Each structure stands twice: as structure tokens, then as C-alpha cells.
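In: quick one, fold the following:
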Amino acid sequence: MLLPDRILHSIRPLTTAVLLGTTLAISACTVQPLYHGDANGTAQLNVSPSIRSKLSGVIIDAPTDRFNQLVRNRLIFLLNGGAGEPSAPTYQLSLGTSYSVRTAVQMDIGDSTDRTGRASAGAIDGRSSYVLKDMKNKPLAKRTRTVSASFDRPRQEYANLQAEEDAKKRAAEELAEQIFLSLAQDVSKLK
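Out: Numbers count the residues shown, from 1 in each chain. Now for the predicted structure:
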């Protein structure tokens with residue numbers, strides 16, 4: 001059974017108004033991805049060009065250990081898009097990093113030895129504290145970041161060591177990305 005014509009005529013303007021209002025509300029939203037691809041197809045963190053130009057002037061202190069070097073290398077890539085360190089830096093970054101390996105799960109190995117179990121999963125906990133300074137050594141920002149990367153521990157020793165190294169690398173890269181985003185926030189507040 002059809003609705004009478006006068007009800008249809010009264011609903012039509014209301015429907016049009018709701019659709020128009022929804023369209024206007026949705027068009028006001030600006031959504032940008034956190035990660036986007038560059039010309040080479042590699043993922044880049046999305047920051048504005050003015051902040052990116054400030055970030056490209058950051059020089060990072062020399063690494064103290066392997067984990068620090070992994071974080072530093074990824075951070076240099078993020079800051080300068082793979083171009084290396086700046087020739088005329090405007091900011092200096094003192095970067096301190098550390099990591100620890102923890103056993104996440106123990107399981108019974110099912111043999112007749114006195115061992116109660118072996119670790120079947122582990123996690124790398126990475127920590128970083130940094131101080132952003134101007135070239136006159138005046139501190140501008142000080143922050144701390146932490147990440148965790150889990151990994152499986154197979155029975156083969158080499159596979160176990162490689163899984164741990166891969167987790168260290170993942171933790172270092174994620175830590176560098178967090179530091180990059182934190183630096184972008186810090187630099188955006190500077191004049």
C-alpha cells in the first residue's frame with residue numbers, strides 16, 4: 001500500500017535536508033594517514049612541510065652501543081628522508097637508549113631432566129630518553145619513550161638468537177618512530 005502523496009511530499013524536503021547536512025558535516029572532516037608512501041614507495045611518517053624542515057636540522061649524538069645505533073640510524077632516516085645528517089644543524093639531540101630481554105612464557109619441555117621448563121616466548125623492552133637542545137646547548141625538550149617487541153623462542157639455538165635480534169631491530173625502529181613523533185610535537189612548539 002502506497003503512502004498518500006501529501007506525506008511523500010512532506011518527507012522529501014526533510015530527507016534532502018538530512019542528506020545535505022550529513023554531506024556538509026562529512027566534508028568538513030580532514031583525515032590524513034599517519035603513514036604515507038614517498039616516491040620510492042617506502043612508508044614515511046606524515047608531518048607538515050614546515051615541521052619537516054625544522055626536523056631536518058636535528059643532529060644526533062654518536063651511538064654508544066648497537067641498540068642505540070639501530071635507533072639512531074632509523075631516526076636519521078626519518079628526520080632527513082634518507083639524506084643523512086644535516087650539514088648546518090639547528091638542533092642537537094642527546095639520545096640515551098637501553099633494552100632488556102624478558103621471558104614471557106615458560107613451558108614444560110617434557111623430558112626427564114631437572115629443568116622445569118624453557119622459555120617459549122620472550123620480549124624486548126626498549127627504553128629511550130632524549131634531550132633536544134639548541135646549538136648553544138640550551139635544553140628545549142626532554143622526553144622518555146618505551147616500547148616492547150615480542151618474539152618466539154624456538155628450540156634451535158641459532159633460530160632463538162636470530163628471533164631475539166629481529167625483535168631488537170623491531171623495537172629499535174618502533175622506538176625511533178615514537179621519538180620522531182615526539183620530536184615533531186616538540187619542534188612544532190618552538191618558534
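In: would you mark the buried spots in stretch 65-81?
Out: Phe67, Asn68, Leu70, Val71, Arg72, Arg74, Leu75, Ile76, Phe77, Leu78, Leu79, Asn80 (16 or more other Cβ atoms under 10 Å). Glycine gets a C-beta too; all of them are placed from N, C-alpha and C.
In: which outside residues touch it?
Out: 38, 44-45, 55-56, 58, 60, 63, 84-86, 93, 95-99, 126, 128, 168-169, 172-173, 175-177, 179-180, 183 (Cβ atoms under 8 Å, 6 or more residues apart in numbering).
In: sort out for me which of the residues you listed are in helices.
Out: Those of the contacts of stretch 65-81 mapping onto helices are Leu55, Lys168, Lys169, Ala172, Glu173, Leu175, Ala176, Glu177, Ile179, Phe180, Leu183, per DSSP state H.
In: what segments of the protein are strands?
Out: 35-37, 43-45, 58-60, 91-107, 118-134, 139-152 (DSSP state E).
In: which one of those strands is the most hemmed in?
Out: Of the strands of the chain, the one with the most neighbours on average (mean count of other Cβ atoms under 10 Å) is strand 58-60, at a mean of 19.
In: what's it packed up against?
Out: helix 66-80, strand 91-107 (3 or more Cβ pairs under 8 Å, 6 or more residues apart in numbering; DSSP states H and E).
In: what sits up against stretch 136-152?
Out: With Cβ under 8 Å, 6+ apart, stretch 136-152 has contacts from 91-92, 104, 120-134, 163-164, 166-168, 170-171, 174-175, 178-179, 182-183, 186, 190.
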